[in-house]
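1. Make a model of this:
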Amino acid sequence: MIHRRHLIAASLAVSAAVIGGVALAQQQFFRIGTGGTAGTYYPVGGMIANAISTDKLVSTAVATNGSVANVNGIAGGSMESGFSQADVATWAYTGTGIWEGRGKVEELRAIANLYPESVHLVVRKGLGVKSPADLKGKRVSLDEPGSGTLVNARAILAAFGVREADIKPEFVKPNQAAEKLRDGSVDAFFFTGGYPAGAITELASASGGIELVPITGPEAAKLRESARFFAVDEIPAGTYKDIPAVPTVAVGAQWVTSSKVPADTVYVVTKSLWSDKTRTALDTGHAKGKAITPATALLGLGIPLHPGAERFYKEAGLLK
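-> The predicted model follows:
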């Protein structure tokens with residue numbers, strides 16, 4: 001009898017292990033490369049990851065250096081998806097711009113356009129900087145290598161006649177740049193992301209000693225003509241404490257993946273993105289969440305849709 005009980009117990013343990021193994025095999029992991037924790041990619045990615053996760057699909061938001069790092073991570077297979085600025089994704093896919101000579105990332109595919117990312121140029125109050133052209137001789141953080149902000153900052157400086165040799169550049173994350181601006185070790189920093197950005201909100205509230213510099217005028221118009229992924233934008237008054245409305249430029253934030261990720265997986269991910277559950281999370285979780293809508297999901301895509309995403313958009317009547 002004891003021997004029989006042991007056999008039954010052993011049989012049940014084996015069955016449980018097999019069932020557990022099957023469940024584990026059926027469970028899929030879908031990482032989303034985001035950005036620094038002080039930016040907008042990270043909290044938005046976290047909201048989306050939490051909302052689309054189920055017992056079969058486990059999605060996680062991964063902090064990274066941003067757009068360029070995310071594209072490289074997808075190409076290298078260290079993550080299934082990531083957020084990228086529209087310009088960076090297009091350059092990577094076509095092997096142009098900053099990707100010229102590096103080889104095309106031909107497997108890059110789009111899941112959705114998410115929201116406009118505004119270029120912020122933050123300076124110490126009273127510095128006398130009224131335009132990017134006034135940054136000559138100043139200590140300016142351009143963000144980390146691997147970030148879309150760094151790409152945009154260099155393009156904007158060039159458009160306004162400022163060479164990197166004309167400034168004292170630093171290459172740190174926005175939260176570190178904000179700390180350096182607060183302690184006086186930098187004069188200004190660039191940040192491309194959806195407003196309000198946590199690091200800038202905290203800086204404006206804590207010190208009250210910052211200004212946002214307009215990126216406008218004929219130089220900005222010429223920049224938009226030569227780089228059509230830039231669009232006219234405005235950071236509204238009151239977005240940051242005591243700062244009036246500021247004209248600037250923006251690029252689209254896009255969710256991208258690889259053609260190597262199975263179509264069924266991306267179909268489920270895309271369908272979950274536009275579910276009621278995710279809609280509630282986006283509307284209540286972050287100020288930029290409300291800008292993420294199916295109506296703008298296909299705008300400004302410079303790379304092909306993933307077949308799984310394409311299937312969903314056709315079923316939803318958003319794509320013919």
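2. hang on, isn't R182 packed against L203?
-> Yes. Between R182 and L203 a contact is recorded at 6.4 Å, counting by C-beta atoms under 8 Å. For glycine as for every other residue, the C-beta is placed from the backbone atoms N, C-alpha and C.
3. More neighbours: which of these two?
-> Taking neighbours as other C-beta atoms under 10 Å, R182 and L203 compare with L203 leading, 25 against 16.
4. Let me know the helix or strand that that one is in.
-> Using DSSP states H and E, L203 falls within helix 198-207.
5. do E211 as well
-> Using DSSP H and E, E211 sits in strand 210-212.
6. any idea which helix or strand comes after that strand?
-> Past strand 210-212, the next helix or strand by DSSP H and E is helix 218-226.
7. next structured bit after that next one?
-> Using DSSP H and E, the helix or strand that follows helix 218-226 in sequence is strand 231-235.
8. That next one - contacts with which helices or strands?
-> Other elements packing on strand 231-235 under the criterion 3 or more C-beta pairs under 8 Å, 6 or more residues apart in numbering; DSSP states H and E are strand 108-124, strand 246-258.
9. how does it look with 6 Å?
-> Secondary-structure packing of strand 231-235 (3 or more C-beta pairs under 6 Å, 6 or more residues apart in numbering; DSSP states H and E): strand 246-258.
10. May I see the buried residues of the next helix or strand along the chain from the strand it packs on?
-> On the C-terminal side of strand 246-258, the nearest following helix or strand under DSSP H and E is helix 263-273. Across helix 263-273, burial judged by 16 or more other C-beta atoms under 10 Å covers T265, V266, Y267, V268, V269, T270, K271, S272, L273.
11. What distance do you get for the last one to A110?
-> Using C-beta to C-beta, to the nearest Å, L273 is found at 12 Å from A110.
12. pretty sure T64 contacts I32?
-> No. With contact defined as C-beta atoms under 6 Å, T64 does not reach I32; the gap is 9.6 Å.
13. What are the contacting residues of stretch 156-170?
-> P132, A133, L135, K136, K138, R139, V140, S141, L142, V186, E219, L223 (C-beta atoms under 6 Å, 6 or more residues apart in numbering).
14. Go again with 8 Å.
-> By C-beta atoms under 8 Å, 6 or more residues apart in numbering, the residues outside stretch 156-170 that reach it are 119, 121, 131-133, 135-142, 154, 177, 180, 186, 190, 215, 219-220, 222-223, 249.
15. measure it end to end?
-> Chord length of stretch 156-170, first to last residue, is 16 Å (C-alpha to C-alpha, to the nearest Å).
16. List the buried residues of that stretch.
-> Buried residues in stretch 156-170, counted by 16+ other C-beta under 10 Å: I156, L157, A159, F160, V162, I167, P169, E170.
17. Out of those residues, list just those in helices.
-> I156, L157, A159 (DSSP state H).
18. Of the residues you listed, which is the nearest to A237?
-> Set against A237, the nearest of these by C-beta to C-beta is I156 (22.2 Å).
19. rewinding a little: the strand holding E211 - what's its average pLDDT?
-> For strand 210-212, mean pLDDT is 96.
20. In stretch 31-50, which residues are buried?
-> For stretch 31-50, the neighbour count (16+ other C-beta under 10 Å) marks 31-49 as buried.
21. what does stretch 306-320 give?
-> Applying 16+ other C-beta under 10 Å to stretch 306-320 flags H306, G308, A309, E310, R311, F312, Y313 as buried.
22. Adding pLDDT and distance to A199, write those out as JSON lines.
-> JSON lines is the format used below for the buried residues of stretch 306-320 (pLDDT from 0 to 100; distance: C-beta to C-beta, whole Å):
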{"residue": "H306", "pLDDT": "98", "distance to A199": "32"}
{"residue": "G308", "pLDDT": "98", "distance to A199": "34"}
{"residue": "A309", "pLDDT": "98", "distance to A199": "31"}
{"residue": "E310", "pLDDT": "98", "distance to A199": "36"}
{"residue": "R311", "pLDDT": "98", "distance to A199": "38"}
{"residue": "F312", "pLDDT": "98", "distance to A199": "34"}
{"residue": "Y313", "pLDDT": "98", "distance to A199": "34"}
